[in-house]
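Trainee: my questions are about this predicted structure, shown below with the sequence.
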Amino acid sequence: MTRLLLCVIFLAPFGAPLAACGPGRTTFASYPGAPATFDKAGSDPKAVEIAEQVFTAAGGPGNWDKAKQIKWHQTVTADGKVTADGEQAWDRWNARHYGGLIRQEGMVKVGYDLYGSHSVGFLEDEKHRKQNMDEASRDKAVKVAKDVFNMDTALLCLQFMMTSPGAKLAYVGPTKDEAGNETADELKVTFAEPLRSDLEYHPIIERATHLILRIEILKVGSPQKIGYSLKDWTTVNGLKFAQSRGNIGYQGETVAIKEVTVGKPDDDLFIAPLN
């Protein structure tokens, strides 16, 4: 599976912030037809037990329910050279995704509505001057961004997502940690959500801490596979995130996560330029 990093932002046309939540909505936006709650009966009981332990160890449902938006900076380094650097924000409440990818000519910002058709992309230079992308370039960027969203958000937040509505869990079996000791368990996690429905997530969970040691992501019906080890856990607003990732299949690649913030959606991130 090709490892790509593209940060995205969902913006309304003509410079107006999108009203992503309808009047009076009191729950997180979700995909059409999504179930209201996680169906325990549809998953393996042992896998559910482990997933709930992970959720509790990582901060629990109370703190996750308050996380309407997660924002972070992400830097990919390969063999000592930075290959991608930028920021992202997952607006969970309104089902939007923002980001900027730093390039020589400035920061490229593109985006889309997770469950809709709106999208905008533009370049912002070092003097904060903004220029919209043409339609073809924007559409291409959004297509790539959807694949990247599936990977980056899962690698950052799978510890909270395994018991979300539409998820299904299976217990694969006991497995070994990095030292070769059989002190961990492997689960298989799939999602009914359209953006993730063609992927399988295999978290390896340490029994002592209930934290995820590594995650492998497989594309259903394809030999494509990618895996990352997770380290350097930090706590932000009661939630734990891994700040360091190592590519299991390419030891020279690492991903650094920093400046993680958790809280309310920042609508200023979703304003398109007027030009």
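Mentor: Cool, the structure landed. Residues are numbered from 1 along each chain as shown.
Trainee: run the chain-centre distance for the top helix by length along the chain.
Mentor: Secondary structure assigned by DSSP state H gives helix 135-161 as the longest helix of the chain. Centroid displacement of helix 135-161 relative to its chain, using C-alpha atoms, centre = their mean, to the nearest Å, is 7 Å.
Trainee: same check, this time on stretch 239-258
Mentor: On C-alpha atoms, centre = their mean, the centre of stretch 239-258 falls 13 Å from that of its chain.
Trainee: likewise stretch 215-233?
Mentor: That offset, for stretch 215-233, works out to 13 Å (C-alpha atoms, centre = their mean).
Trainee: same deal with stretch 203-215?
Mentor: Using C-alpha atoms, centre = their mean, the offset of stretch 203-215 from its chain centre is 18 Å.
Trainee: list the buried ones in it?
Mentor: Burial within stretch 203-215, assessed by neighbour count using 16 or more other C-beta atoms under 10 Å, is assigned to P203, I204, I205, E206, H210, L211, I212, L213, R214, I215. In this view, the C-beta of every residue, glycine as well, is placed from N, C-alpha and C.
Trainee: endpoints of that stretch, how far apart?
Mentor: 4 Å (C-alpha to C-alpha, to the nearest Å).
Trainee: same list (the buried residues of stretch 203-215) but as JSON lines, adding secondary structure.
Mentor: Formatted as JSON lines, the buried residues of stretch 203-215 follow (DSSP: H, G, I helix; E, B strand; the rest coil):
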{"residue": "P203", "secondary structure": "strand"}
{"residue": "I204", "secondary structure": "strand"}
{"residue": "I205", "secondary structure": "strand"}
{"residue": "E206", "secondary structure": "strand"}
{"residue": "H210", "secondary structure": "coil"}
{"residue": "L211", "secondary structure": "coil"}
{"residue": "I212", "secondary structure": "strand"}
{"residue": "L213", "secondary structure": "strand"}
{"residue": "R214", "secondary structure": "strand"}
{"residue": "I215", "secondary structure": "strand"}
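Trainee: which residues are contacting stretch 35-48?
Mentor: With C-beta atoms under 8 Å, 6 or more residues apart in numbering as the test, stretch 35-48 has contacts from T163, S164, P165, G166, A167, K168, L169, A170, Y171, L187, K188, A192.
Trainee: show the buried residues in those residues.
Mentor: Members of the contacts of stretch 35-48 classed as buried by 16+ other C-beta under 10 Å are T163, S164, P165, G166, A167, K168, L169, Y171, L187, K188, A192.
Trainee: biggest separation within those residues, which pair?
Mentor: Based on C-beta to C-beta, the longest span within the buried ones among the contacts of stretch 35-48 runs between P165 and Y171 and measures 20.4 Å.
Trainee: can you map out the helices along the stretch 51-200 of the chain?
Mentor: Taking DSSP state H, counting those that start in this stretch as the test, the helices found in the stretch 51-200 of the chain are 60-66, 135-161.
Trainee: please identify the most buried of those.
Mentor: By mean neighbour count, with neighbours taken as mean count of other C-beta atoms under 10 Å, helix 135-161 ranks first of the helices of the stretch 51-200 of the chain at a mean of 19.
Trainee: now that helix: average pLDDT?
Mentor: Mean per-residue pLDDT for helix 135-161: 88.
Trainee: one more: stretch 216-235?
Mentor: Stretch 216-235 shows a mean pLDDT of 94 in the predicted model.
Trainee: same check on stretch 78-93?
Mentor: The model assigns stretch 78-93 a mean pLDDT of 94.
Trainee: circling back: out of the buried ones among the contacts of stretch 35-48, flag the one nearest to E259.
Mentor: For the buried ones among the contacts of stretch 35-48, the nearest to E259 is S164 (24.9 Å; C-beta to C-beta).
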